[in-house]
Every structure is written in structure tokens, then in C-alpha cells.
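Student: Let me see the structure of the following:
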Amino acid sequence: MRLTNMLVTPGRPYPLGASVDDSGVNFALFSAHATAVYLCVYDASGVNELARVALPRQSDHIWHGHIEGLALDCCYGYRVDGPYQPELGHRFNVNKLLLDPYAKLLQGELIDHPSHYAYQLQHPDADLSFCSLDSGDFMPKCKIVDTRNLSPIPAVAKEYDQTQPSLSLRRSIIYEMHVKGFTQLFPDLTEAERGRFSGIANANVVQYIKNLGVTAVELLPVQQFASEPFLQQKQLSNYWGYNSIGFFAPHQAYLNNADINEFRQMVAALHQSGIEVLLDVVYNHTAEGDCRGPSLCFRGIDNLSYYRLHPQQPRYYINDTGCGNSVDLSNPHVLRLVMDSLRYWVEVMGVDGFRFDLAATLGREPQGFNVNSSFFDAIKQDPVLSQVRLIAEPWDIGPGGYQLGHFPMGWSEWNDRYRDTVRRFWRGDAGMLPEFARRFHGSSDLFEHAGRRPSASINFITSHDGFTLTDLVSYRQRHNDANGEQSRDGHQENFSDNCGMEGVSQDLHIQALRTRQSRNMLTTLLLSQGVPMLLAGDELGHSQQGNNNAYCQDNTTTWLSWQQDIQRDEQLQFTRRLIKLRQRFPLLCHREYIHDSCTTGSPALDWFCRQGSPMTKTLWSEAQTRTLSVVISGELEAQPQCRQALLLMLNADDESLHFTLPTISGISHWDCLIHTQDSGFDSETKGYFAGGAAKQFLLQSKSLMVFYAQFEGAN
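Tutor: Next up is the predicted model:
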């Protein structure tokens, strides 16, 4: 079947991609070094090629053409001709069908095949050889998507109490989750909903998330990604999705009917319940890998423009990401691609912000990381993107790649120093008091110097990358054998502790200690200044059997189990109580860093030793001390005259120890709100403490207690 009576005209160079208008479809593709660009038109199945059209015009490196009367259910791809000179950075091969970088939807599967490589796989000259195999039959095709008449997605519903008329980032509680892992085993979903966006949109799933109390879900990558060939050869797949090949297209496997509205409906359902949607996005590298990787899109369109190549040896890629290549955002056309992608996900798909994977790479320029790089400046001046949530993973593996605390104003950052410090404190490591206090305070030492606020720190104990919370207190060593790399992959130092036995234990003492430790870290997370991020499944006690790098485990290792039992339910209820506690007290998320004492009447944070005395320089330097108390105070935002205080007592010691309540002027009694001690432990508390003489009581080893007080004279 061939196209007939189709009028091909030069069309327009902008917008890039396939754009539907009243008379047909306009196609535009950037390539600075190509000699010809061919549009391959396929039928709706993506199997049968109907026509191959040379784009008739090039304007400032944009190849473009318009096809009048083209059916909107057609698919397409590109073939790009030009020099094949890897030593000079050029890897054009017209035999390779390539995806449009602006494709909004894909049809068909990416099938591993030697034809994807621009060179002959077994040739002694490796990537300097040339492969004439045609890859068209093994490539997915791009689908034409008409976005002109899409209805707007409702904004996040504001269903908060009077003290929270709008949700600022500092009041947020982020919930990191995987679309498939969360829904695959969720009860009462249809088979069509399991593992898909429609599963997240299910009313029962939305209600669970809402009942938990989180305010934003952060989805692991949902832009089209591919599995690396070495994983496919081991019968594994890239489950996490950090291997993007399409910056606009939702991942096919998460869709039921190849319709972008499935994603939009998920966003709308979450918004209607007051839940924001953040996307984990990967713009630092692509699925094409290093010089021996496949040609699927960018490499074949214009390798020299899209990737950072070694200046003296452009055959090779600069690999600051550890994934084989690094996207070159110093090229204005590539920068525009990323900016267009981000705006598309906000304006068309309705999301509320982004977490940028290996974000240090995005700020890299020839001289290194630059907080004023073209990417950061482009975000800053953009009227849409400057207003959304912007969260950086502030590192990569390149020179000077660790940039925690160095991102621009308006950005927040994953704070791995918070993660490691809290883990080490509760493990009982020596000398942790000063570092713990800095992280609990919101890491002002990292962010305040640049005028940034506590909301710049995204606090987390666990994330997708590493142990789950249950595994953190159950394993000392990683157990990644299922990944096929002899457990050499994943983080080697996790600051974890197995509480006396590696893995699952039937010992009641070990079980009780693990429960306390899990709750200690959850409580610390929800009571710290900064923005807490909870890993989905931690509230259920999810375990990956000690695998701390489950990126390729698309199975029950990573899928959340929803089977109910007493222990899981208690953990869930405890987590809900903690989240409600944080939402109840604005003083847990102060707008600015607080440095005053309770004696000033201003928002304050005071540290005490377990004997109830203020911490001194000498007390802070006691390396073997593993106990601490902190009082956080402030006024209710809706009632400025109402001063409140929370007291947190922490015992990370292996022994049960006596604590004395600190004496605070204006506070005559304390109420116990929550604690992590075993139910049978005699803590010598009644939940209420009268004023007067100092009160002393026993706090169980590896446990904490949280108290509430209202200053006298407060309304």
C-alpha cells in the first residue's frame, strides 16, 4: 500500500516534531550535520511502510516538510543520511530507522537485533566498521498525536485546613513510587489496570495515597525507556526506567490503549484528591550508551550535536553519568529539546514538577559544573518552568560531580548526607551528635549560605536506590545475586544493621528491635526541618530480600505486597499518625532557618542532653554519647499568639537510659504524642507530666518519645 494524492510542501521549521493542523501534518527535525532526512510513513500498526519522503527544506539546521491530508492514525520514523566518520564524531547510517526526539507516543516494541547498530557487531574494527542491515522491522514507530483540543487538567484541589490555605513546598510530604511496583499486586484492580497509569488513577489506589497523608507522588521514570541489551541477554529488564529514549512519550508498557489521555486522567484523579504529581526525569543520558551502543534516535540524527564527545577523540563519549554517554545541553538545539519536553509535561500532561536524575550533569559546561549554566538560566527565565517543583539529584560520577548545596535558588536537592547521618545515628555510630543536629535542623550549613530555605533539603532515609527501610534494619550486606553480577553492584556501604541476624528472623527480640529502629527513622524523618520523602512500601514493611540495587527486578522483589497482617497494619497506622502529626504542627516546617532559643519568643530550636541541661561544646564533643533531646517551638500560622512546642527525646544507645525533662520557661506540662518503645516496656510515663520539679523516666534502648506543650498564656 502506498500513499496517493498526498501533497508534500516545505512546511514550517517550528514547532519541532509532528504537528497536526487543519490540512495535514507538519514534520520538523533538527540535524546540523545531515545531508538528507527521510520521513518514513507507516500504517496505524507501525508494520507496513506506506511512503518514504525526503523532507524538502532545511532552515537553520531544521529539516521540515508538510504532508497535506495525512491520516492521523499513521505512524512514522526517520532515516538520516550523512557521513559515517566516528573518528570525527559522525555516525550517520541511513539504514537505521530512528525515533523522532519529539515523538509523543510510540507504537510497537524495540526488539534487540544486530541491525540497531550502525557498525558490524563482530567486525574487528568494531564501531569503525559500517553495518548495512535495515533496522525498520525491529524498531517501534512514532505515532501522530493531535494535542490541539485536549481539555485542561484541573489544578491540585486545595482541601487543607485553615492553617494551610495553600500547599507550599515546605508543607509537602513526598511519596516516591513506581507505577508498576505499586499497582501490580494492588487488590481489586483489573488486569488492564495492573502495572499501568490507569491503576494509579483507580479510586481505591488514590484513596490509599490520600489516606496515608502524603501531598505529592514522585513517580520513577515514566518517559519512554528501553532495557539495555546486556540485561535482555540475562532475561532481565530495566525496571526502574533510568534509560530514556523518548523525552515526550509516556512509557508504552504503562499504557492500556496507546493514548496519552491515560496519563492525563491519572494526573487529574490525583489532583482532585489534593495530590501533586512529580516526575523523575532523565535528561542527562540516553539509552544509546557508549560508542558501541545502538543507533535508535539521537546518535543517528546528529551524534556530534546531541552528545558530549571527547574534544581530542570525538569517537568516544564523555561519560560523567556512568551510563555510557552524556547529553550536551550546551548545544542550544538540545537545550531547547529538553525545555520543550519539560513544558509539554507541565502544560499538556499536567504534572507539578520534576526530580532530575544526575542533575549535576545538566549543569556541566566545558569548565565543569556551573550554577549559572545555560540549563539553569533557561529554567530560571521560563515563565512556566520557574514556577513548578524543581528537585535535583545533586551528583554524577564526573570530576567535581558531588554538588549537594550548590544548586540555584528555587531548587531543592536530595540530601544524601541527611540519609547517611540518620542511619548512622540510629545504628549507634560514635560521634554523630553534631552532624545529626545539623541534618535535623534542615542542613542550614549546606543551603543557608546561598539564601536558600529549609525546603531546599529533600530529606530521605530510603529511596528506590538502596535498601528499603525493612532491609535497612535486617541486612548488613547487600544481597544482589539475582542481578547476575555476583553482588558487586549497588552501594557497598549502606550504614545498615541487621539487629543481630542477617535477613528474616523469628527471634522476637530481634523483631522488636527492628520495629523500633524502623519507627525511629520514620519519626526522625517526619519531624526534621526540610521536606520529607517517603519510599512507597516502607509504611508496609516491604522487603527486597536484601537487594539494594533492584533496578532490573521486575517481579515480586520490587512489587509491593498488599497482604494484610498485624505487623504490617501497625506499621501503616504508625506512619499515618506521624504524617498527621507533621501536618498538625507548622513548626515542623518553618519557612526560614531558625537559630533562636525558646527564651526569645521567636521560632526556636533548642538542644538538651538527656539530663535536661542545654547542650554545651563539651557535651557535643562526647563521641560515645548516643542520646539527645530537642525542643522545637513556634506560633500557629493562623493564630500568631498561640505558641507551641514539641519535645523529641532520642535514645540511640544499646542500653535503656533515664531522661530528664528540660525546664522551659512558660511550659508547665507535656503530653506524650507518640513513641517507639515496645508496648510491654515500662517507660514510667503516663502521657502527661505536671510542672515543678524535673521529671525523670526510663527510655528504652533504641527508642524515642515525642511530647507536646503549649506555652502558658497562649490562646
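
Student: Only C-alpha atoms from now on, for both contacts and neighbour counts.
Tutor: Will do.

Student: Going along the chain, name the helices of the stretch 51-200 of the chain.
Tutor: In the stretch 51-200 of the chain, the helices defined using DSSP state H, counting those that start in this stretch lie at 179-183, 197-201.

Student: Please work out which residues outside the first one touch it.
Tutor: Put plainly, it is helix 179-183. The contact list for helix 179-183 (CA atoms under 8 Å, 6 or more residues apart in numbering) reads 189, 193-197, 199-200, 219-220, 254, 536, 554, 558-560.

Student: rerun that using 7 Å as the cut-off
Tutor: With CA atoms under 7 Å, 6 or more residues apart in numbering as the test, helix 179-183 has contacts from 194-197, 199-200, 219, 558-560.

Student: The stretch 201-350 of the chain: strands as residue ranges?
Tutor: 216-219, 276-281 (DSSP state E, counting those that start in this stretch).

Student: sorry, that was for the stretch 451-600 of the chain
Tutor: According to DSSP E, counting those that start in this stretch, the strands that the stretch 451-600 of the chain contains are 457-460, 531-535.

Student: Dump these to a markdown table, plus mean pLDDT, mean neighbour count and distance to S656.
Tutor: Formatted as a markdown table, those follow (pLDDT from 0 to 100; neighbours: other CA atoms under 10 Å; distance: least, CA to CA, whole Å):
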| stretch | mean pLDDT | mean neighbour count | distance to S656 |
| --- | --- | --- | --- |
| strand 457-460 | 98 | 27 | 27 |
| strand 531-535 | 98 | 25 | 29 |
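
Student: of all those, which lies closest to N261?
Tutor: For N261, the closest of those is strand 531-535, at 26.9 Å, according to CA to CA.

Student: Run me through the strand neighbours of that closest one, direction for each.
Tutor: strand 174-177 (parallel), strand 457-460 (parallel) (DSSP bridges).

Student: among those strands, which is nearest Q564?
Tutor: Nearest of the strands paired with strand 531-535 to Q564, taken as CA to CA: strand 174-177 at 19.7 Å.

Student: Give me the contacts around the closest one.
Tutor: Here strand 174-177 has contacts from 214-220, 532-536, using CA under 7 Å, 6+ apart.

Student: 8 Å - rerun?
Tutor: By CA under 8 Å, 6+ apart, the residues outside strand 174-177 that reach it are 214-220, 463-464, 531-536.

Student: Check stretch 482-497 too.
Tutor: Under the contact criterion CA under 8 Å, 6+ apart, stretch 482-497 has outside partners 234, 420, 423-424, 427, 466-467, 472-481, 548-550, 552-553.

Student: quick one: contacts for T468?
Tutor: Contacts of T468 (CA under 8 Å, 6+ apart): 462, 535, 538, 542-544, 548.

Student: that older thread, please identify which of the contacts of helix 179-183 is nearest to H64.
Tutor: Using CA to CA, F197 comes nearest to H64 of the contacts of helix 179-183, at 33.6 Å.

Student: okay if I get the helices of the stretch 51-200 of the chain as CSV plus mean pLDDT and mean neighbour count?
Tutor: Below are those laid out as CSV (pLDDT from 0 to 100; neighbours: other CA atoms under 10 Å):
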stretch, mean pLDDT, mean neighbour count
helix 179-183, 98, 24
helix 197-201, 98, 26
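
Student: Low-confidence ranges, the stretch 101-250 of the chain, go.
Tutor: Counting by pLDDT under 70, the ranges of the stretch 101-250 of the chain that qualify are 158-167.

Student: What about the nearest residue to A103 once chain neighbours are set aside, how many residues nearby?
Tutor: With sequence-adjacent residues excluded and distances taken as CA to CA, 6 or more residues apart in numbering, A103 is closest to C142, at 5.7 Å. Residues within reach of C142, counting by other CA atoms under 10 Å, total 27.

Student: now swap in Q567 and tell me
Tutor: 12.

Student: With Q573 as the reference, measure out to it.
Tutor: Using CA to CA, to the nearest Å, one obtains 10 Å as the distance from Q567 to Q573.

Student: Which one, of the helices of the stretch 51-200 of the chain, ends up nearest to P314?
Tutor: Closest among the helices of the stretch 51-200 of the chain, using CA to CA: helix 179-183, at 38.2 Å.

Student: Please save the CA atoms from that closest one in CSV.
Tutor: Extracted C-alpha coordinates of helix 179-183, given in CSV (Å, rounded to 0.1, in the frame of the first residue of the first chain):
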residue,chain,number,x,y,z
VAL,A,179,3.9,2.8,38.6
LYS,A,180,4.1,-0.9,38.1
GLY,A,181,5.6,-1.8,41.5
PHE,A,182,2.7,0.0,43.3
THR,A,183,-0.2,-1.4,41.3
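
Student: What segments of the stretch 601-715 of the chain are helices?
Tutor: Using DSSP H, counting those that start in this stretch, helices in the stretch 601-715 of the chain cover 617-620.

Student: Residue ranges in it under the pLDDT threshold?
Tutor: Scanning the stretch 601-715 of the chain for pLDDT under 70 picks out 637-640, 682-694, 714-715.

Student: how does it look with 80?
Tutor: The model of the stretch 601-715 of the chain has pLDDT under 80 over residues 601, 635-641, 680-694, 713-715.

Student: most packed of the strands of the stretch 201-350 of the chain?
Tutor: strand 276-281 (a mean of 24; mean count of other CA atoms under 10 Å).

Student: sorry, back to before: pull out the buried members of the contacts of stretch 482-497.
Tutor: Those of the contacts of stretch 482-497 that meet the buried threshold are 420, 423-424, 427, 466-467, 472-480, 548-550, 552-553, by 16 or more other CA atoms under 10 Å.

Student: coming back round to it: pipe the strands of the stretch 201-350 of the chain into a markdown table and attach distance to L70 per row.
Tutor: Supplementary listing: those in a markdown table, determined by distance: least, CA to CA, whole Å:
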| stretch | distance to L70 |
| --- | --- |
| strand 216-219 | 35 |
| strand 276-281 | 32 |
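
Student: Let me know which of those is the nearest to W607.
Tutor: strand 216-219 (31.2 Å).
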